[in-house]
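Peer 1: sequence plus predicted model, see below.
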Amino acid sequence: MSEITIAIDGYSSCGKSTLAKALANHLNYIYVDSGAMYRAVTLHLMNTGLLKDGHFIHQQVIDELSRVDIRFQYNKEQGKSETYLNGENVEKDIRTLEISRQVSAISAIKEVRDKLVSIQQEMGAQGGVVMDGRDIGTVVFPNAEVKLFMVAGKTIRAKRRYMELKEKGENLTLEEVKKSIARRDNLDMNREISPLQKAQDAVEIDNTELDEKEQFELALKIINEKVRSLQTTNT
Ligand code: DC
């Protein structure tokens, strides 16, 4: 069977990227972090002064989009792919709290989504890709062979994110992290265009009680079963 497309969607801080990277590694597929692309656009708008404290002029953002070039490049030493914005490695800069605060507003803009979705579709056109985000199974690859939808309890998500931020030296309380995750979920689920929703044919993985290895094994089982059933249908 030729290489398939695996779409992973879900709420913020549900472990989507951890799972997507592990699967891509195991299957020797390309991994695309679509959230990194929305973060890179947000960073560009902040750097150019067009986005300040959550405020922007819609038309200015649209006009600026032609000057945004986003690519991923594999870093052999780190063993992972990194995000480049207009030729510059921004992998670290796009992971700040400030970007997390502002990215949902920018990702709600239709023209931003149109541009990024078309790049994402090109990246996955040949199959052999694992892509994670919010609209991968619903909009970017509605025909993906495997669609996973990740969920986890609110407290465990906040705790995981809190630990991540602590490691980066960010000083937020657990309650603040909880609030920030809830705010982002709310914006991502309630935006007009391509809101976060589970595709009808997605398989839900609740990883509240699972560690990384258990989650990986469960996902691989789902993928293998799906591939087997596709092979049976094709013969
Ligand atoms: O996955 P992440 O937390 O890095 O994503 C950052 C933001 O980008 C998220 O809050 C919503 C937006 N996003 C989106 O709208 N569609 C995607 N496919 C991926 C991310």
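Peer 2: It's in.
Peer 1: switch to C-alpha atoms for all contacts and neighbour counts from now on
Peer 2: Will do.
Peer 1: which residues touch the most centrally placed residue in the chain?
Peer 2: Closest residue to the average C-alpha location of the chain: G133 at 3.0 Å, with C-alpha atoms, centre = their mean. When contacts are counted by C-alpha atoms under 8 Å, 6 or more residues apart in numbering, G133 touches I8, D9, G10, K16, D33, S34, G35.
Peer 1: mind putting those into JSON lines with pLDDT, neighbour count and secondary structure?
Peer 2: Below are the contacts of G133 laid out as JSON lines (pLDDT from 0 to 100; neighbours: other C-alpha atoms under 10 Å; DSSP: H, G, I helix; E, B strand; the rest coil):
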{"residue": "I8", "pLDDT": "98", "neighbour count": "27", "secondary structure": "strand"}
{"residue": "D9", "pLDDT": "97", "neighbour count": "29", "secondary structure": "strand"}
{"residue": "G10", "pLDDT": "95", "neighbour count": "24", "secondary structure": "strand"}
{"residue": "K16", "pLDDT": "95", "neighbour count": "21", "secondary structure": "helix"}
{"residue": "D33", "pLDDT": "97", "neighbour count": "21", "secondary structure": "strand"}
{"residue": "S34", "pLDDT": "98", "neighbour count": "19", "secondary structure": "helix"}
{"residue": "G35", "pLDDT": "97", "neighbour count": "18", "secondary structure": "helix"}
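Peer 1: how about the residues you listed in TSV, adding distance to the ligand?
Peer 2: Below are the contacts of G133 laid out as TSV (distance: C-alpha to the nearest ligand atom, whole Å):
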residue	distance to the ligand
I8	9
D9	8
G10	9
K16	8
D33	7
S34	5
G35	4
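Peer 1: I'm done for today, thanks for sticking with me.
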